[in-house]
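Undergrad: Generate coordinates for the sequence data below:
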Amino acid sequence: MNLQNLFPVAIGMSKNSNHSKIENSLIKECKKIKNKIKKGGNNWDADLYNTFGTFDLRESEKFKILNKWVFEKVNQYANTIGYVNKNLEYHESWFNYSIKNDYQEKHEHYPCDISAVYYLSVPENSGSIKFYTHEPKGIKETFIKENFYTWKSYFVKPESGLLLIFKSNLTHGVSKNKSNEPRISLAYNYKIL
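TA: Numbers count the residues shown, from 1 in each chain. The predicted model follows:
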């Protein structure tokens with residue numbers, strides 16, 4: 001039998017080869033901002049510190065090189081999934097500073113088109129991102145680890161320097177940080193014009 005895979009969900013993954021050169025200075029910058037800027041994301045159930053709506057990463061020169069690299073990778077992803085010859089416009093960015101027991105509930109980044117998450121600092125056991133199926137409910141659930149057709153969710157274990165890129169309407173959440181160290185991630189949203 002031939003199978004036609006319809007409506008694929010593409011998650012782009014890219015490792016920053018220059019991460020070790022920027023990691024310490026950007027961690028320090030995030031801690032400095034955290035001490036000066038009030039917490040954002042007021043409509044979220046999770047109580048982790050973030051700068052959503054209170055501080056955009058473009059406001060600091062320290063993030064300029066990383067922001068440029070992220071934009072290039074997001075542009076590659078956009079072209080690969082069919083947005084060739086379309087304008088990719090930066091919309092917003094922020095960072096999440098997750099301490100022990102912090103998590104992020106299920107959410108999406110709609111009405112943006114493409115979103116990205118960059119992992120700046122990821123201690124062991126500090127939580128994974130979980131993506132959820134876009135299929136409607138009501139279909140009999142089965143799960144076979146070796147058969148991706150049966151998957152209803154997908155975990156990505158983050159690591160420092162990893163960039164994930166996905167369509168903004170893809171529902172996702174982050175499991176609890178069980179580490180005593182903070183996990184720091186950067187989030188980006190873009191629109192296709």
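Undergrad: Please list the outside residues in contact with stretch 1-18.
TA: With contact meaning CB atoms under 8 Å, 6 or more residues apart in numbering, stretch 1-18 is reached by 22, 65-66, 69, 73-74, 76-77, 80-81, 118, 131, 133-134, 154, 156, 161-167, 170. Heads up, the C-betas are built off the backbone N, CA and C, glycines and all.
Undergrad: Buried ones only from these, please, as a ChimeraX command.
TA: Only the buried entries of those go into this ChimeraX selection, using 16 or more other CB atoms under 10 Å:
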select :22,66,69,73,74,77,118,131,156,161,162,163,164,165,166,167,170
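Undergrad: At which residues are the helices of the protein located?
TA: If you assign secondary structure with DSSP state H, the helices in the chain sit at 19-36, 64-80.
Undergrad: any chance of those helices in CSV, plus mean pLDDT and distance to residue 127?
TA: Listed next are those as CSV, based on pLDDT from 0 to 100; distance: least, CB to CB, whole Å:
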stretch, mean pLDDT, distance to residue 127
helix 19-36, 97, 17
helix 64-80, 97, 21
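Undergrad: Count the neighbours of the closest residue in space to residue 95 that isn't next to it in sequence for me.
TA: Nearest non-adjacent residue to residue 95, counting by CB to CB, 6 or more residues apart in numbering: residue 186, 4.9 Å away. Applying other CB atoms under 10 Å, we find 22 residues neighbouring residue 186.
Undergrad: Can you tell me how far residue 186 is from residue 23?
TA: When distance is defined by CB to CB, to the nearest Å, residue 186 is 12 Å away from residue 23.
Undergrad: is residue 172 in a bridge, and if so with what?
TA: Counting by DSSP bridges, residue 172 forms beta bridges with residue 107, residue 131.
Undergrad: Sheet partners, orientation included, of the lowest-mean-pLDDT helix or strand in the chain?
TA: Least confident helix or strand, the chain: strand 153-156 with a mean of 92, by mean pLDDT, DSSP states H and E. Using DSSP bridges, strand 153-156 pairs in its sheet with strand 129-132 (antiparallel).
Undergrad: list the buried ones in the partner strand?
TA: 129-131.
Undergrad: One more: stretch 15-28?
TA: 16, 19, 22-23, 26-27.
Undergrad: go on, stretch 165-182?
TA: Buried residues in stretch 165-182, counting neighbours by 16+ other CB under 10 Å, are found at 165-168, 170, 172-174, 176-177, 179, 182.
Undergrad: Can you name the residues bridging to the nearest residue to residue 57 once chain neighbours are set aside?
TA: Closest residue to residue 57 apart from its sequence neighbours, by CB to CB, 6+ apart: residue 93 at 4.0 Å. Counting by DSSP bridges, residue 93 is bridged to residue 188.
Undergrad: what's around residue 93, how many residues?
TA: 22.
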